[in-house]
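Undergrad: model this:
(chains A and B)
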Amino acid sequence: MAGIGGAETTGKKVGWGLLNAVVVIYALFPVLWIVSLSFKSSATLADGNFIPREWSLENYRNIFSTSEFTRALVNSIGIAIIATAIAVVFGTMAAYAIARLDFPGKNLLVGVSLLIAMFPQVSLVSPLFEIERSLGLFDTWPGLILPYITFALPLAIYTLSAFFREIPWELEKAAKMDGATPGQAFRRVIAPLAAPGVFTTAILVFIFCWNDFLFAISLTSTEQSRTVPVALSFFTGSSQFEDPAGSIAAAAVVITIPIILFVLFFQRRIVAGLTSGAVKG
Amino acid sequence: MAEIVLDKVTKRYPDGALAVQEVNLEIADGEFIILVGPSGCGKSTTLNMIAGLEDITDGELRIGGQRVNEKAPKDRDIAMVFQSYALYPHMTVKENMAFPLRLAKVDNATVEKKVKEAAEILDLAQHLDRKPSNLSGGQRQRVAMGRAIVRNPKAFLMDEPLSNLDAKLRVQMRTSVSRLQKQLGTTTVYVTHDQTEAMTLGDRVVVMRGGVVQQIGAPQFLYDQPANLFVAGFIGSPSMNFVPASLENGSLRTVLGDVPLTDRVRQLLEGADAPREVIMGIRPEHFEDAALVDAAALSSGGKFTHQVDVLESMGSDKYAYFNLTGEQAASAELQELAADAGSDDVPGDGISLVTRLSSASGAVEGASSEIWFDADKVQLFDPASGRNLTYTER
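TA: So this is what the prediction gives:
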């Protein structure tokens, strides 16, 4: 073993490479298994082979043949995007105020939002169920979007205010001196610099909404607003005696794709160190 | 182009802290004025009030004869250069400099022309398409200046614009700032804590302490006629030596021996209602090796013999440091200056004295030396109020 802090030796590189490989395999193995399952035909589903003996798209054909899954996919995408957009817009405004302004009740606001984030969601499900039923929100898109925003906002505010704090305040003063109104200063100087933070937050919020199962299963009852994670749990085989594992695996693979696309798409905009060069150093 | 008038401008924070107290200042059109003082003296707050970045609690600010207290920064038509430069990192140099013009909805051709002009003045023409992160400190500083000059504002405000540069570049930029200001003839208010910048740049210097203006005047005047102990100790490098002294029978009794009062000093003292115990201030350059002074001067001045503690030869001069036994001159103002210079925790009893001797001096470190000083150049201060008893409006 090379000494700690020593030069990069071959042994050290191999050691690190091995460790990385172990971690990656450990993390990705279940995913690969699901992918493998999704490509097996129903006959070979339980044969225990990691690499399918005969590749088939049967499972994918199955899940897209009924409205059960496609409708859930539409619901998931719609609900997650709307909730993300609203949470990020409000989160940006709130985080900016928290990072920049001194207003009465600021600490209270931060404290309460932290409290909401810490609250066990499961304890809120029953009251929410009752409230939504009496308000007529049960089993509707807004019925899911609202709780998602509520729980995503603290997350958004926290991530974003950290980003806003990193933007030198003098930039805003400089913009004001250059003749900008507060709105112009925000739009043309602060917002572009906060963009990486906004995108990061958007990813986190989207993932939170996309993955939620608890609210989705409690606050929906029909295809009208059921999201994919819930729809998955309602999958049955084409007959009572058929194992739905293949369909579930295929659906699981499909719902992973938007997340990967979303992250890849926004990751390109998260340019580290965008604020470098603003001030000395 | 406009004159700026501060009429009893006061800044009080909500918690009651008084940052700036009744500053009266008339800045003429085209004047280069420096606000100087140790940190926390209110100079930056004053500048921010002129800029409009901080509200004025009391008093009136007029730019070009017009009250602007209530105007937003963007409506005051003044430009500011920040200590950190505050360049917009997502814009190129060109976009940075064009930003004020774009906000003012100037047409494209004019923007191009003005940015080009400014870039040429500041020698930035070849960097226009680069981002601030790829520029050196000096270049960033020039971009910040460029952003200020493109729209021909009524005034420039500069908040320690050179303090982030290294020493050599700072001296270089100092001359170019001075030249630029003369060339453009725009009223400029410049904040610094560096007395050298204050002395070299300004038409007039405003020395502040604890939110109160101590003295306003041309650099040379402040140096020759400081109004009080604070200004005397702040302006000049190395700073003035202070020695406790008592007035007895027309002469000064000090650890440097008895100093005869010259006619000039005596006349000024008579009008000043001086106490018996005073503080004598004398600048390093008013000392000389006694061996190099002619007999006539020798008899009219003061003289002392002491061991040279440290001798620094600068080539053109020699700085001799002495450590005399005795009580240090005590006053609130001197303590504050020492704290600002960071020398209040340097151990050492007695009075330390800095003298600037001619390079021909034969003084040797560790050996005794006879030193003469010009008794006509001493300044006497009231230890209680810090007032200069020998001050004249001359």
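
Undergrad: Can you give me the domain boundaries for the chain?
TA: The chain I'm using is chain A. Per the record, chain A has its domains at A:10-58, A:66-267, by automatic domain parsing.

Undergrad: Not quite, go with chain B.
TA: According to automatic domain parsing, the ranges for chain B are B:4-225, B:230-381.

Undergrad: Chain A: which of the ones you listed is closest?
TA: domain B:4-225 (2.7 Å; CB to the nearest CB). The C-beta positions use only the backbone N, C-alpha and C, and glycine is treated the same way.

Undergrad: Any idea how far apart the tips of the closest one sit?
TA: Terminal residues of domain B:4-225 lie 26 Å apart, using CA to CA, to the nearest Å.

Undergrad: residues of the biggest helix by length in chain B that come out buried?
TA: Counting by DSSP state H, the longest helix found in chain B is helix B:167-184. Neighbour counts over helix B:167-184 (16 or more other CB atoms under 10 Å in any protein chain shown) mark B:170, B:173-174, B:176-178, B:180-181 as buried.

Undergrad: need the strands for the stretch 101-250 of chain B, in chain order.
TA: B:155-159, B:187-192, B:204-209, B:212-217, B:241-248 (DSSP state E, counting those that start in this stretch).

Undergrad: Can you name the residues in contact with the fourth one?
TA: If I follow you right, that is strand B:212-217. With contacts defined as CB atoms under 8 Å, 6 or more residues apart in numbering or on different chains, strand B:212-217 is touched by B:21-25, B:37, B:42, B:204-208, B:222, B:225-228, B:230-231.

Undergrad: so of these, which ones are in helices?
TA: Per DSSP H, the subset of these in helices is B:222, B:230-231.

Undergrad: Just the buried ones from those?
TA: Among the ones in helices among the contacts of strand B:212-217, those buried by neighbour count (16+ other CB under 10 Å) are B:222, B:230-231.

Undergrad: any chance of these in a markdown table, with pLDDT and distance to A:Pro192 too?
TA: Output for these, formatted as a markdown table (pLDDT from 0 to 100; distance: CB to CB, whole Å):
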| residue | pLDDT | distance to A:Pro192 |
| --- | --- | --- |
| B:Leu222 | 94 | 45 |
| B:Phe230 | 93 | 46 |
| B:Val231 | 94 | 46 |
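
Undergrad: Relative to A:Ile259, which of these is nearest.
TA: The shortest approach to A:Ile259 among those belongs to B:Phe230, at 65.7 Å (CB to CB).

Undergrad: Go ahead and confirm the closest one touches B:Gly386.
TA: Yes: between B:Phe230 and B:Gly386 there is a contact under CB atoms under 8 Å: 6.2 Å.

Undergrad: Between these two, which contacts overlap?
TA: In contact with both B:Phe230 and B:Gly386: B:Glu333, using CB under 8 Å, 6+ apart.

Undergrad: Leaving aside the residues adjacent along the chain, what's closest to A:Val35?
TA: Among residues not flanking A:Val35 along the chain, A:Val253 sits closest, at 5.7 Å (CB to CB, 6 or more residues apart in numbering or on different chains).

Undergrad: Against chain B, how distant is the one you found?
TA: According to CB to the nearest CB, to the nearest Å, A:Val253 stands 38 Å off from chain B.

Undergrad: which residue is nearest the centroid of the chain?
TA: No chain in the question, so chain A it is. What sits nearest the mean C-alpha location of chain A, by CA atoms, centre = their mean, is A:Ile207, with 1.0 Å.

Undergrad: should've been chain B
TA: In chain B, the C-alpha closest to the average C-alpha coordinate belongs to B:Gln195, at a distance of 3.2 Å (CA atoms, centre = their mean).

Undergrad: close enough to count as contact, that residue and B:Gly236?
TA: Yes: applying CB under 8 Å, one finds B:Gln195 in contact with B:Gly236, separated by 7.1 Å.

Undergrad: In a helix, B:Ile33, correct?
TA: No: with DSSP: H, G, I helix; E, B strand; the rest coil as the criterion, B:Ile33 is located in strand rather than a helix.

Undergrad: low-scoring pLDDT stretches of the chain, where are they?
TA: Defaulting to chain A. For chain A, the stretches with pLDDT under 70 are A:1-8, A:237-242, A:267-281.

Undergrad: should've been chain B
TA: B:1, B:343-349, B:394.

Undergrad: For it, which segments are assigned as helices?
TA: With DSSP H as the criterion, chain B has helices spanning B:43-51, B:93-103, B:108-121, B:137-149, B:167-184, B:195-201, B:219-224, B:229-234, B:263-272, B:295-300, B:332-341.

Undergrad: what residues are up against the residue nearest to the centre of chain A?
TA: A:259, A:262 are the contacts of A:Ile207 under CB under 8 Å, 6+ apart.

Undergrad: Am I right that it sits in a helix?
TA: Yes: assessed with three-state DSSP, A:Ile207 lies in a helix.

Undergrad: picking up where we left off before, go through the one helix or strand the residue nearest to A:Val35 maps to and flag the buried ones.
TA: Applying DSSP states H and E as the criterion places A:Val253 in helix A:245-267. Residues of helix A:245-267 classed as buried: A:245-255, A:258, A:262, A:266 (neighbour count, 16+ other CB under 10 Å).
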